[in-house]
Every structure is written in C-alpha cells, then in structure tokens.
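[1] no FASTA, just this:
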Ligand code: GLN
C-alpha cells in the first residue's frame with residue numbers, strides 16, 4: 001500500500017481537488033485499486049453547517065456524511081462511492097482528541113499538538129483501509145497557513161515511518177508577469193521552502209499556469225526546489241475539467257508518480273478510452289439548451305457544483321451544451337416572472353434552506369407548470385412544487401412548510417421520527433442544526449406506469465437525501481385527484497419521494513438529490529430525460 005499526499009502552495013483555488021481526482025482516474029485506468037481522502041484544515045467539525053456561499057456545496061455520501069465538495073469530484077471522476085471515513089476536518093480531529101482527554105485516555109498527560117493531535121491525524125490516515133494499492137490524501141488549504149501545520153507535521157512523521165511507501169505532490173501556481181514578459185517561479189520556490197521548513201521535500205511539483213511553461217522555468221524549479229526535471233509537471237488549463245486526466249497523462253504525471261512508488265508503468269498500461277470518447281462528445285456538442293436555475297446562492301457557482309455538473313452530463317448525453325442561467329429567486333415576483341424566465345427551455349429549483357427567496361421560487365414553479373415548461377424540483381424544489389400546487393390548484397390558501405411558517409397548513413412538515421439501521425431516530429424543533437437531517441442513501445419504490453418509472457426503468461431506486469422536512473402524506477389523495485401523483489414513495493409507503501404531473505410534458509419533483517450520483521461516464525437518467533424534454 002502506498003500513500004500519496006497532495007498539498008497546495010502559492011494560492012488557493014488551484015484545483016487540487018480536480019487534480020487529485022484526475023490522478024486517481026489515471027491510476028484507476030491502469031487497473032490500480034485507488035482511493036482518495038480529504039483532510040481539511042478548518043475548525044468546523046463537519047462542513048454540514050458551513051454556508052455554501054463561503055465554502056461551496058455540501059456533498060453528501062451514501063453513508064450519510066456531509067462532506068467537502070471535493071468528494072464530489074472524486075466520485076464523478078473515479079465512479080467510486082466515497083465514505084464517511086474519506087474526509088476529516090481539523091475541528092473533528094481536535095474534537096476526537098478532547099473527547100479522549102475527557103475520557104481519561106491520555107492518563108493525565110499534557111495534551112499537545114505533537115504528539116496528540118498529529119497522532120490523531122495519523123490514526124485517521126491509517127484507519128479503515130481496505131487493501132487499496134494507492135491512497136491519495138488531499139490536504140486542504142495552502143501550505144503556510146497556520147491551520148495546516150499539524151497536517152504537514154503528521155505527513156512528515158508518516159513519511160519517516162519505514163512501513164509506508166509514499167510520495168508527495170505539491171501543486172503551485174506559476175504567474176505570468178506581462179511587464180517582464182515572463183513566467184515567474186519565485187512564488188513556487190518560496191512555497192517549497194515552507195514545506196522544507198516543515199521537514200518535507202516534495203517529490204513532484206505540479207505547476208498550474210495559464211501559459212505553456214518553458215524549459216527554462218522547468219529547469220529553474222527543478223534546481224531551486226530540488227526535484228528532478230521530469231518531476232516538474234505542467235498543469236495547464238483544460239477546456240473541460242473532464243479533459244484534465246488525459247492532459248496530465250500527456251505530461252506523464254501518472255508515469256512519474258508510479259516510478260516514484262517503484263512501479264514499472266509499462267506493466268500497468270493506461271486505458272483512457274471511455275474518457276477520450278467523452279472528450280470527443282464534449283467537443284462536438286451541436287445544440288444549446290438554456291436552463292433557468294432559480295436559487296439563492298446564484299452568485300457562487302460552487303454552491304451548486306454537483307447540480308452544475310449533472311446538468312452538463314445530461315446535456316452531453318443529448319449532444320447539447322447546457323447554458324445555465326442562474327436566476328436570483330429574491331428578484332422574482334408575479335409580474336416579472338415571465339421576463340426572468342425569458343428564453344429558458346426549462347426551469348429547475350434546487351435544494352435549499354430557509355425562507356429567503358421562497359416566494360420567487362414558487363412563482364417560477366407556477367409559471368413553468370401553467371406554461372408547460374419542463375420543471376425539475378430537487379428537494380426544496382419538490383417541497384415548493386407541493387406548496388405551489390396546494391395553494392393554486394387545491395386552493396389551500398395557507399399551505400406552507402413548517403420550515404417557513406409553523407402556524408400554516410403544513411403540506412410539508414418536520415419529520416420527528418424515522419428508522420435508520422433498525423433504530424428509531426427522534427427530532428424536534430429544538431434539536432441541534434448540525435447533524436440532524438435525513439442524510440445519505442435511502443431506497444424509494446416507483447409506481448409502475450409512471451413517468452419516473454419509465455425514466456429509471458426500475459422499480460426500486462436508491463438516492464441520497466439531505467433534509468429535515470417531508471411532504472405530508474395526508475394530502476396525497478387530494479393531489480392524486482387533480483393529476484399530481486406521488487409516483488415514488490419510501491418502501492414503507494409513508495414518505496413521498498417523487499411527485500409528477502399527469503397534465504404536463506415534464507414536471508417532476510424529487511425529495512432526494514439525484515445530482516450527487518450523476519457521473520460524466522454514467523449520467524443520471526433524470527437529468528438526461530429533463531434535458532431531452534427541454535430540447536423539444
Ligand atoms: N429545507 C428543506 C428541508 O430541510 C429542503 C432541504 C434541501 O433542499 N436539501 O427539508
């Protein structure tokens with residue numbers, strides 16, 4: 001088993017997540033058993049309560065962990081389900097250490113960053129391993145930040161451990177100074193010095209750059225940073241993120257790494273056929289389809305990362321480029337909704353929390369419903385479709401979700417009890433906000449002859465959830481009578497999972513998040529079908 005660490009220097013947002021995912025793709029395409037795990041330096045115990053506006057989307061795994069969005073990249077590229085144990089934050093590490101201290105596990109010793117915190121980090125790295133050939137550990141943040149120091153120290157210690165063969169890849173940024181007409185390697189040199197201060201010599205340096213990196217710059221980095229020339233790998237921009245694996249392979253990232261790990265790359269030939277086919281498809285999209293996404297975090301695309309990708313996947317499958325029009329729900333009202341949705345071939349209301357922007361979303365849903373515009377509601381988007389139909393079709397004037405108004409007619413309400421792994425879980429209004437949702441994969445049963453059944457082509461599906469509220473089953477028959485069918489239910493028949501309209505070309509709401517399971521090589525059927533209907 002080998003450990004590969006990926007750190008970042010010079011600047012944040014270099015795309016370390018995509019780099020890690022791409023490297024894993026290359027190794028997997030050479031038939032290695034790979035796994036990627038993420039260590040984040042922030043002190044939140046998990047990303048579940050972090051604002052997607054600051055930190056990007058919260059990605060949910062099958063086993064119900066609320067994780068960093070990079071795990072989404074890992075899954076999309078490797079087509080492997082990530083696990084709860086694939087991500088950890090400093091906050092969680094410290095909380096584990098403090099819990100142990102309270103339990104008396106340190107026998108009264110003074111608790112220190114070294115060795116107690118670093119041991120906890122090493123415990124994480126060594127835990128829950130399943131005979132993988134290569135495990136990639138992506139270290140969040142930028143080298144030089146105070147928060148990442150304990151991680152670097154743990155890596156130093158683990159690399160010193162004779163039993164583990166490892167490599168460290170440091171990703172930096174090479175800026176271009178137009179006044180000098182040159183690429184500048186000094187920030188990279190400084191960043192590597194930071195690593196050396198922590199006692200770590202990188203094996204491979206990946207250089208993000210907007211321009212082709214000339215031989216001189218490569219030589220300079222090699223000389224000053226003490227790595228071989230062929231271990232300085234240019235990491236240039238790609239047209240599509242799905243081109244990154246083949247681009248990195250062109251610069252021999254996988255080969256170089258394998259040599260560092262004492263493998264003979266020729267014995268593990270690379271098969272990138274499915275990816276090359278995908279790139280061909282991406283580069284020959286013929287049509288354009290405009291999707292209006294009505295949400296709250298519309299000025300930071302990262303807060304809807306998986307959704308963005310799932311729409312693109314659905315588009316590729318339909319030979320179409322998806323143009324997403326991010327529409328701020330707070331700016332929509334009854335009067336301007338038509339203008340706001342002008343030119344949209346379909347409308348999507350994604351997941352969300354809180355009352356802000358609800359009115360605008362409901363107006364958008366109503367417009368789509370009344371004008372036969374394809375509508376896709378995800379989680380909150382389904383709940384709001386239920387509210388909209390209850391108000392405007394069933395004429396229940398004060399229909400609402402108890403999330404927004406506890407005194408209204410709750411067509412959507414707080415779920416206070418459910419069964420998970422054979423134990424009853426209870427919640428109430430006063431429960432903590434962190435870690436108190438229906439999270440992770442749950443099965444749903446689809447009605448034969450329904451639209452959603454014809455899309456999935458199966459009876460039982462399994463999708464990921466992240467919500468506190470549920471559609472109130474008491475209203476099901478009222479909806480049925482008007483042609484709005486709950487065509488997917490939890491296997492016990494209690495929780496509505498899918499809503500669809502019989503009077504509309506494509507009007508579907510789902511209580512789960514299908515976008516989390518869409519992959520470029522295996523796009524999600526709901527997104528493929530939605531885009532197809534938007535093209536009509
Ligand atoms: N706020 C809603 C709930 O908690 C919807 C959540 C979501 O869209 N993920 O049930």
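    That came through, no problem. Not measured: the values here are computed from a predicted model.
[2] rest of the way, CA atoms for contacts and neighbours
    Noted.
[3] what number of residues lie near the residue of the stretch 51-200 of the chain found nearest the ligand?
    At 9.7 Å from the ligand, residue 58 is the closest residue in the stretch 51-200 of the chain, using CA to the nearest ligand atom. Applying other CA atoms under 10 Å, we find 27 residues neighbouring residue 58.
[4] you'd agree it is up against residue 66?
    Yes: contact criterion CA atoms under 8 Å: residue 58 and residue 66 qualify, at 6.0 Å.
[5] buried sites along stretch 351-358?
    By 16 or more other CA atoms under 10 Å, the buried positions in stretch 351-358 come out as 351, 352, 357, 358.
[6] same question but for stretch 514-534, I mixed them up
    Quick answer for stretch 514-534 (16+ other CA under 10 Å): 514-521, 523-534.
[7] Same question for stretch 97-108.
    Those would be 97, 98, 101, for stretch 97-108 by 16+ other CA under 10 Å.
[8] cool, and stretch 42-60?
    42, 44-48, 50, 52-53, 56-60.
[9] Serialize those to CSV and add fields for pLDDT and secondary structure.
    Formatted as CSV, the buried residues of stretch 42-60 follow (pLDDT from 0 to 100; DSSP: H, G, I helix; E, B strand; the rest coil):
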residue, pLDDT, secondary structure
42, 89, coil
44, 86, coil
45, 84, coil
46, 77, coil
47, 75, helix
48, 75, helix
50, 77, coil
52, 71, helix
53, 71, helix
56, 80, coil
57, 88, coil
58, 90, coil
59, 93, strand
60, 94, strand
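[10] List just the nearest of those residues to residue 375.
    Ranked by distance to residue 375 (CA to CA), the buried residues of stretch 42-60 are led by residue 57 at 22.1 Å.
[11] tell me the contacts of the spatially closest residue to that closest one that is not a sequence neighbour?
    Spatially, and ignoring its direct neighbours in sequence, residue 57 is nearest to residue 303 (4.2 Å; CA to CA, 6 or more residues apart in numbering). Neighbouring residues of residue 303 by CA atoms under 8 Å, 6 or more residues apart in numbering: 52, 53, 55, 56, 57, 58, 297.
[12] What score does residue 303 have for pLDDT?
    What the model reports as pLDDT for residue 303 is 85.
[13] how close does it sit to the ligand?
    Remark: distance between residue 303 and the ligand (CA to the nearest ligand atom, to the nearest Å) = 12 Å.
[14] give me the number of residues near residue 160?
    Residue 160, neighbours per other CA under 10 Å, totals 12.
[15] now do the one 3 residues further on
    Here the count is done by other CA under 10 Å, and residue 163 has 10 residues near it.
[16] Please apply the same query to residue 162.
    If you count neighbours by other CA under 10 Å, residue 162 ends up with 7.
[17] which phi and psi does the residue of the stretch 51-200 of the chain closest to the ligand have?
    Phi and psi for residue 58, reported as degrees, to the nearest 10, are phi -90, psi 120.
[18] In contact with it: list those residues for me.
    47, 48, 50, 52, 66, 67, 68, 69, 303.
[19] Kindly reformat the residues you listed as CSV containing distance to residue 368.
    Conversion of those to CSV gives the following (distance: CA to CA, whole Å):
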residue, distance to residue 368
47, 33
48, 31
50, 32
52, 27
66, 32
67, 33
68, 33
69, 30
303, 24
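[20] can you tell me which two in those are farthest apart?
    Pairwise across the contacts of residue 58, and taking CA to CA, the largest span is found between 66 and 303, at 13.8 Å.
[21] tell me, what's touching residue 58 and residue 66 both at once?
    47, 48.
[22] Would you mind measuring from residue 304 to residue 515?
    Distance of residue 304 to residue 515, given as CA to CA, to the nearest Å: 10 Å.
[23] Residue 138 falls within a strand, correct?
    Yes: with DSSP: H, G, I helix; E, B strand; the rest coil as the criterion, residue 138 is assigned to a strand.
[24] how far away is it from residue 246?
    Residue 138 is 20 Å from residue 246, by CA to CA.
[25] more neighbours, these two?
    The residue with more neighbours, out of residue 138 and residue 246, is residue 138; 24 against 20, by other CA under 10 Å.
[26] if I pick whatever residue of the chain ends up closest to the ligand, what's in contact with it?
    In the chain, the residue that lies nearest the ligand is residue 351 (3.1 Å; CA to the nearest ligand atom). Residue 351 makes contacts with 378, 379, 380, 381, 513, as judged by CA under 8 Å, 6+ apart.
[27] one more time with 6 Å
    378, 379, 380 (CA atoms under 6 Å, 6 or more residues apart in numbering).
[28] Check those residues one by one and keep those near the ligand.
    379, 380 (CA under 6 Å from any ligand atom).
[29] Now go through the contacts of residue 351 and say which are in strands.
    residue 378 (DSSP state E).
[30] Adding distance to residue 177 and pLDDT as columns, could you present the contacts of residue 351 in TSV?
    Listed next are those as TSV, based on distance: CA to CA, whole Å; pLDDT from 0 to 100:
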residue	distance to residue 177	pLDDT
378	45	97
379	46	96
380	46	96
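[31] most surrounded residue in the contacts of residue 351?
    residue 379 (27 neighbours).
[32] Next up, the contacts around residue 342.
    Residue 342 neighbours (CA under 6 Å, 6+ apart): none.
[33] An error on my part: the question was meant for residue 492.
    Residue 492 touches nothing, counting by CA under 6 Å, 6+ apart.
[34] Find me the pLDDT at it, would you?
    Residue 492 is given a pLDDT of 88.
[35] Would you mind naming the helix or strand containing it?
    Counting by DSSP states H and E, there is no helix or strand that carries residue 492.
[36] Next one: it from residue 444, what distance?
    9 Å.
[37] Which positions in the stretch 151-300 of the chain make contact with the ligand?
    Counting by CA under 6 Å from any ligand atom, the stretch 151-300 of the chain has no residue next to the ligand.
[38] actually the stretch 351-500 of the chain, sorry about that
    Applying CA under 6 Å from any ligand atom, we find that the stretch 351-500 of the chain lies next to the ligand at 351, 352, 353, 379, 380, 466, 467, 468, 469.
[39] now, which of the residues you listed lie within helices?
    Using DSSP state H, the members of these that fall within helices are residue 380.
[40] ok, so of the residues of the stretch 351-500 of the chain next to the ligand, who is nearest residue 487?
    residue 379 (15.1 Å).
[41] Wait, that closest one touches residue 515, no?
    No: applying CA atoms under 6 Å, one finds residue 379 not in contact with residue 515, separated by 10.9 Å.
[42] Near the residue nearest to residue 237 when sequence neighbours are not counted, how many other residues are there?
    Leaving out its chain neighbours, the residue that sits closest to residue 237 by CA to CA, 6+ apart is residue 210, at 6.2 Å. Using other CA under 10 Å, residue 210 is surrounded by 15 other residues.
[43] worst-scoring helix or strand of this structure, pLDDT-wise?
    Lowest by mean pLDDT, DSSP states H and E among the helices and strands of the chain is strand 417-420, with a mean of 52.
[44] Same question for stretch 187-205: list its buried residues.
    187-195, 198, 200-205.
[45] swap that for stretch 271-279, please
    272, 275, 278, 279.
[46] Which ones among those residues map onto helices?
    Per DSSP H, the subset of those in helices is 275, 278, 279.
[47] Secondary structure element holding the residue sitting furthest away from the middle of the chain?
    Here the chain reaches farthest from its C-alpha mean at residue 108, the gap being 40.9 Å by CA atoms, centre = their mean. Under the criterion of DSSP H and E, residue 108 resides outside all helices and strands.
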